[in-house]
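Enquirer: Attaching a predicted model along with its sequence, questions to come.
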Amino acid sequence: MPRVLGDTFLDSLVLDPRLVRAEHIRARLRLAGWSTKQLSKAHGLQPYAVDVALTRAHEAGEQVIARVLGERPEALWPDRYDVRTGERLSPQPRQNYEPLPTLAQRRTAHSVGGRRI
């Protein structure tokens, strides 16, 4: 369940767990000296493959990110892998292919009569 921040300037920002996880991984990549685009190009992937893998199922991008961070992909994306075997789910659950809602969509979803709640 997404959570809503308190009464701050971010009061309408809904934090989807997928978004939080993606930004956490993105920060770790930056600390390791990589942008998502650089990482994609360095590993022969399409320019936005690693970026897509942060929020949606993309096996090649997931593998590259995990390798660079020294993690197993199932540790980074437990919803994309079988927790008992570590094997990638096939087919993936539908939500793993759905894009995250935009900031505007998240704000609209948590407003009533034009006022943020």
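Expert: Okay, I see it. Note that the structure is a prediction, hence the values are computed from the model and not measured.
Enquirer: R72 reaches I65, doesn't it?
Expert: No. Distance between R72 and I65: 11.1 Å, which falls outside the contact criterion (CB atoms under 8 Å). In short, each C-beta sits where N, CA and C put it, glycine included.
Enquirer: low-confidence ranges in this protein?
Expert: 1-15, 106, 109-117 (pLDDT under 70).
Enquirer: all helices of the protein, in order?
Expert: With DSSP state H as the criterion, the chain has helices at 17-31, 36-42, 49-55, 59-69, 73-76, 103-109.
Enquirer: If we go by neighbour counts, what in the longest one is buried?
Expert: Put plainly, it is helix 17-31. For helix 17-31, burial by neighbour count (16 or more other CB atoms under 10 Å) applies to 18-19, 21-22, 25-26, 28-29.
Enquirer: Likewise for the fifth one?
Expert: For helix 73-76, the neighbour count (16+ other CB under 10 Å) marks 73-74, 76 as buried.
Enquirer: residues in contact with that helix?
Expert: Contacts of helix 73-76 with the rest of the structure, by CB atoms under 8 Å, 6 or more residues apart in numbering, involve 21, 25, 62-63, 65-66, 69, 80-83, 86, 88.
Enquirer: same thing but 6 Å
Expert: Contact with helix 73-76 is made by 62, 66, 81, 86, as judged by CB atoms under 6 Å, 6 or more residues apart in numbering.
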